[in-house]
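Q: Provided below for reference: sequence and predicted model.
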Amino acid sequence: MKTRLHILVCITALSVLPLLAGDSESKSVTVEQRLRETDLSLAIRQYERVKMEAFETRLKLDLLDTDEEMTENVRKKRAELLAKRHDILQQRADELRSVALKLGEGTTIAKAR
C-alpha cells in the first residue's frame, strides 16, 4: 500500500513539474512592461485626483450663491476664478485620461506577447 502511494505521489509530482515550469516563464515581466504599468498606475491616480478636484471646484461654484456674507462683486469675481479653475482641471483630466488609455493599450499589447 505504501509503495503504491509513493508511486502515485511521484507520478503526480512529475506530471505537475512541467506545468509549473511553464508558468514561471510566462510570469516574467520585462523592465519595459513594468515601467509601462507603473506609468499607467500613476496616470490613473493623477486622473482620479484631478477629477476629484474638478468635482470639488464645481461644487464650490454651485454653492457660491448660498454664501450670504459675500458681496455681489466679490461673488462674481470668485465665480469667475472657480470657473477658470474648473476648466483647467477638466482639461488636465482629459489629457491624463488620454495618456492612461494609450498606456493601457500598450500594456495590453505587451502582455499579449
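A: Right, received. Where do you want to start?
Q: report the longest helix in this protein, please.
A: Assignment by DSSP state H gives helix 72-112 as the longest helix of the chain.
Q: packing partners for it?
A: helix 31-63 (3 or more CB pairs under 8 Å, 6 or more residues apart in numbering; DSSP states H and E). For every residue, glycine as well, the C-beta is placed using N, CA and C.
Q: pull out the buried residues from the helix it packs on.
A: 36-37, 39-40, 43-44, 46-47, 50-51, 53-54, 57-58, 61 (16 or more other CB atoms under 10 Å).
Q: among the residues you listed, which one sits closest to residue 86?
A: Nearest to residue 86 among these, counting by CB to CB, is residue 57 at 4.6 Å.
Q: dump the residue contacts of the residue nearest to that closest one when sequence neighbours are not counted.
A: With CB to CB, 6 or more residues apart in numbering as the criterion, residue 57 has its nearest non-adjacent residue at 4.6 Å, and that residue is residue 86. Applying CB atoms under 8 Å, 6 or more residues apart in numbering, we find residue 86 in contact with 54, 57, 58, 61.
Q: look up how far residue 51 lies from residue 86.
A: Per CB to CB, to the nearest Å, residue 86 is found 11 Å from residue 51.
Q: pLDDT below threshold where in the chain?
A: For the chain, the stretches with pLDDT under 70 are 1-27, 108-113.
Q: nearest residue to the middle of it?
A: residue 44 (3.3 Å; CA atoms, centre = their mean).
Q: one step back: make CSV out of the contacts of residue 86 and add distance to residue 93.
A: Output for those, formatted as CSV (distance: CB to CB, whole Å):
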residue, distance to residue 93
54, 6
57, 11
58, 12
61, 16
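Q: from those, pick the one nearest residue 74.
A: residue 61 (14.2 Å).
Q: what's the closest non-adjacent residue to the closest one?
A: Nearest one to residue 61, counting by CB to CB, 6+ apart, is residue 82 at 4.3 Å.
Q: what's near enough to touch that neighbour?
A: Residue 82 touches 57, 60, 61, 64, counting by CB under 8 Å, 6+ apart.
Q: likewise for residue 79?
A: Counting by CB under 8 Å, 6+ apart, residue 79 has contacts 61, 64.
Q: gap between it and residue 93?
A: 21 Å.
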